[in-house]
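Colleague: Give the three-dimensional model of this entry:
(chains A and B)
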Amino acid sequence: MKLVTKMVLTSAMLFASVNMVFAASKKATKLSFWTFQELHSGFMKDAAECWNKQHPDEQINLQVSVLSYDDLHNKLLIALQSGRGAPDLCDIEIGKFANYLKGKKPGLVPLNDVIEPEKDKFIIGRFNSYKKGNNYYGIDYHVGAAVMYYNKELLDQAGVDPDKIVTWDDYYNAGKIVKAKTGKPMCTVESTEHWSFYPLIVQQGGDFLDKNGKGVLDSEVNVKTLEFLKKLVDDGVAVIAPGGFHHSEEYWAFMNNEGAASVWMPLWYMGRFTAYMPKLKGKMIVRPLPVWKIGGARSAGMGGTGTAVTVQSKNQSLAKRFLFYAKGSKEGSIKTWTMLGFDPIRWDVWTDPAMKAPNEYTDYFGTGVFDMLYSIKNEILGINVGEKFPLAQTLVQKNVMFKVLGERSMTPREALTAANKQLNAAD
Amino acid sequence: MINQKKIQFITQKNAPWIFVLPFLISFAVFTVYPLISTVIMSFQDIAGFDDTAFIGLKNYRNLFNTQFYTALANSTVYTALTLVILIPLPMFLAVLINSRTTEFKNFFKSSFFLPALTSVVVAGIFFRYVFSAQETALMNNILIKIGGKPQKWLFQRGTTMFVLVLFCTWRWLGVNIIYFISGLNAIPQEQYEAAVIDGVNAWQKFWYITVPNLKPVTVYVVTISIYAGFAMFAETYTLFSSAASPGDIGLTLVSYIYLEGFNYAHLGMGSTIGVALFVIIMIINIVQLYFTGAFKKQGEN
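Modeller: Numbers count the residues shown, from 1 in each chain, chains lettered A, B, ... in the order given. Down below sits the predicted model:
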């Protein structure tokens, strides 16, 4: 009797646990997602929850890992090269994306089949940054329009009207007035990153690489622009960003205490204001960049993070469809604004009423941001990317910007020429 | 019958080999194979795992560029400075700690050793904040209070080297002290007693008895310090939170490998730098060992 009871109990338990395992796996598919920007992880987790509500029989359990910028890109490269350890989905920054498209068989999955059906609704330039041959490998979070962030309070103190600043010469003159009247510099410029330099050359049609991916760092446009930046610093209109770049903790503390009257960064920098510079709430306004010549472009599409699906994913179809839902669907695209303060890559949502509805960004910056953006939507110029882009970006950040503005050991022309030589020599 | 076979497998003759086998296998797999692989990769352009192209000596020709020379200079200066500081100072401290009149020996040994146990990443972040260029950062704050000028620590070549050497000293002082203490404990006391009878003072005792007797330990510490100096990477990586530092002021040879191999995905070039680094360290250490008599037979000094 005892033996039979034992056997019955054991097999009942076994049966129950096997069923539980099956039930659990029918419940949710685990998808792993790596990012380097903690602000993105909340967005993707929310997207997973919304997907689960709409797809009860295809549930997703999204496991997010936030790694540091260098760490993520290097780990991903090693994982893809060695064939093991890569996540299902991964954020890859535009400055590094080219590294993962090398060779005959990139380790990323083409996303054409989810993108093609609604391709005409996108700002296609954003997809070209992540394209190789005829395949699209990444979906971006935003258009990344470069804009000017003015501290209206400081400008009012100096008696400067930001809407009267049309050209960079106007900006320079206004800067001298602000410095004289408030003692504060008009702006900060980076000495170890490229965000102060890159939008200013792209709005003039300049770039790091030409259409064939060859380095053109030493073009006349680039030299003249860097000379202008140097002039801003030399004449006291600008100071070097504390910490060297606009994403350092020192900079956020400096700016939070109204260290400068303005700064130009892409639109996605709004999230940094709301998260790390709370004292400026209600004081900052967003305007287009000044132009070099009347009629010139007032913006440029900067930065970008393409989320990709890796070939090591065991659920590629689900990952692709989820990714498109999160960022490429109308609903997901609107959320890139309402949750992250980004400018959506779908132009058909730009006129949606949700774009004007109150959210943490309208609370901070006012409600006119998207109207302003809409007015410059055709002036957001694109960039050339290629295999040399990671090297070009690093050379500009650590060699050109640092040597000209940080160390002051080279003139703009010398630094750009030397960097371009190094860029094109790596062949 | 079976018992006899079992005994014959492990004989007196081949037992040592069987005991050493685990080490031999791991040495072959984790040292020899990667070494050969790296040399092969240094002649290739690598786009993917099974997507490599043989390009001969192209990587080696590209190796001789400004960035490599900067990395070589940084690594050499750093190693030289750490040798100058991390050999005499620990030796002196070891003698002090080991002296008969010192109380709380274990407390001192542990406190000096503690930094070696910390996470280099956490320590790097800490040093980065302490040496931030802001006037409110700890180091600059202290400097201002004692009447000095605040420095842009991690934005200049000279001050960066200072911070790196300071970081390394903080971390490894204790380890070298322990090495020297174990060396001191091996010195026969009769030599000191004989010296006392001859009427020597403390300095002469140190210079004529302690230092020569510590020679084997010193040679060992010098050898591993040369290797550690040229292989330094974690400290500079965490200090700048990147292998790419402004103007390459923190670029060491291993940082350069990391930069080329991972930041730019030039794995072939990274391997080439690795081979160059191996050759450099080998040459320096062989020269060093020759001059300190490691290759002479015992008894000749």
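Colleague: Distance check, B:Pro188 against A:Val221.
Modeller: From B:Pro188 across to A:Val221, the span is 77 Å (CB to CB, to the nearest Å). Where you see a C-beta, it was placed from the backbone N, CA and C, and this is true even at glycine.
Colleague: what's the answer for A:Lys6, then?
Modeller: Shown here: A:Lys6 relative to A:Val221, a distance of 84 Å by CB to CB.
Colleague: neighbour-wise, which of these two wins?
Modeller: Neighbour count, other CB atoms under 10 Å in any protein chain shown: between A:Lys6 and A:Val221, A:Val221 has more, with 16 against 10.
Colleague: The more buried one and A:Gln203 touch, don't they?
Modeller: No - with contact defined as CB atoms under 8 Å, A:Val221 does not reach A:Gln203; the gap is 10.0 Å.
Colleague: Just give the number of residues close to residue 261.
Modeller: With no chain named, the answer covers chain A. 27.
Colleague: wait, chain B
Modeller: Quick note: B:Gly261 (other CB under 10 Å) scores 24 neighbours.
Colleague: show me the contacts for it.
Modeller: B:Leu267, B:Met269, B:Gly270, B:Ser271 (CB atoms under 8 Å, 6 or more residues apart in numbering or on different chains).
Colleague: Which of those sits closest to A:Ala48?
Modeller: B:Leu267 (34.6 Å; CB to CB).
Colleague: what residues are up against the nearest residue to that closest one once chain neighbours are set aside?
Modeller: Distances taken as CB to CB, 6 or more residues apart in numbering or on different chains place B:Ile46 nearest to B:Leu267, at 4.2 Å, with adjacent residues excluded. For B:Ile46, the set of contacting residues under the criterion of CB under 8 Å, 6+ apart consists of B:Thr52, B:His266, B:Leu267, B:Gly268.
Colleague: what about the first one, which SS state?
Modeller: Using DSSP: H, G, I helix; E, B strand; the rest coil as the criterion, the local structure at B:Thr52 reads strand.
Colleague: Quick check: pLDDT value at it.
Modeller: In this model, B:Thr52 is scored at 82, pLDDT.
Colleague: And the last one, by the same measure?
Modeller: Listed pLDDT for B:Gly268 reads 91.
Colleague: mind checking which helix or strand it is in?
Modeller: In this assignment (DSSP states H and E), B:Gly268 forms part of helix B:267-291.
Colleague: That helix - contacts with which helices or strands?
Modeller: Applying 3 or more CB pairs under 8 Å, 6 or more residues apart in numbering or on different chains; DSSP states H and E, one finds that helix B:267-291 makes contact with helix B:33-41, strand B:44-48, helix B:58-63, helix B:66-86, helix B:215-230, helix B:253-258.
Colleague: Those: lowest mean pLDDT?
Modeller: strand B:44-48 (a mean of 82).
Colleague: Can you add neighbour count and distance to B:Val39 and give the contacts of B:Ile46 back as JSON lines?
Modeller: Putting the contacts of B:Ile46 into JSON lines (neighbours: other CB atoms under 10 Å in any protein chain shown; distance: CB to CB, whole Å) gives the following:
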{"residue": "B:Thr52", "neighbour count": "17", "distance to B:Val39": "14"}
{"residue": "B:His266", "neighbour count": "22", "distance to B:Val39": "16"}
{"residue": "B:Leu267", "neighbour count": "25", "distance to B:Val39": "13"}
{"residue": "B:Gly268", "neighbour count": "23", "distance to B:Val39": "11"}
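Colleague: Relative to B:Val121, which of these is nearest.
Modeller: Among the contacts of B:Ile46, B:Leu267 lies closest to B:Val121 (CB to CB), at 24.3 Å.
Colleague: That closest one: what's it in contact with?
Modeller: Contacts were defined as CB under 8 Å, 6+ apart; by that measure B:Leu267 touches A:Gln81, B:Met41, B:Ile46, B:Gly261.
Colleague: coming back round to it: give me the buried subset of the contacts of B:Gly261.
Modeller: Of the members of the contacts of B:Gly261, the ones counted as buried by neighbours, 16 or more other CB atoms under 10 Å in any protein chain shown, are B:Leu267, B:Met269, B:Gly270, B:Ser271.
Colleague: who does the residue nearest to B:Leu267 bridge with?
Modeller: Bridge pairing for B:Ile46 (DSSP bridges) gives the partners B:Thr52.
Colleague: ok and the residue in the stretch 101-250 of chain A nearest chain B?
Modeller: A:Gly103 (3.2 Å; CB to the nearest CB).
Colleague: related to what we said a few turns ago, which members of the contacts of B:Ile46 define the maximum pairwise distance?
Modeller: Taking CB to CB as the measure, these span a maximum distance of 12.3 Å, between B:Thr52 and B:His266.
Colleague: tell me, what's touching the two both at once?
Modeller: A shared contact of B:Thr52 and B:His266, defined by CB under 8 Å, 6+ apart, is any residue touching both; here these are B:Asp45, B:Ile46.
Colleague: show me the residues around the closest residue to chain A within the stretch 101-250 of chain B that make contact.
Modeller: Among all residues of the stretch 101-250 of chain B, B:Pro246 sits closest to chain A, at 3.9 Å; criterion: CB to the nearest CB. Contact analysis of B:Pro246 by CB under 8 Å, 6+ apart lists A:Ser191, A:Thr192, A:Gly244, A:Lys398, A:Phe402, A:Gly406, A:Glu407, B:Phe155, B:Phe240.
Colleague: Repeat the analysis, applying 7 Å as the threshold.
Modeller: Contacts for B:Pro246 were tallied using CB atoms under 7 Å, 6 or more residues apart in numbering or on different chains; they are A:Thr192, A:Gly244, A:Lys398, A:Phe402, A:Gly406, B:Phe155.
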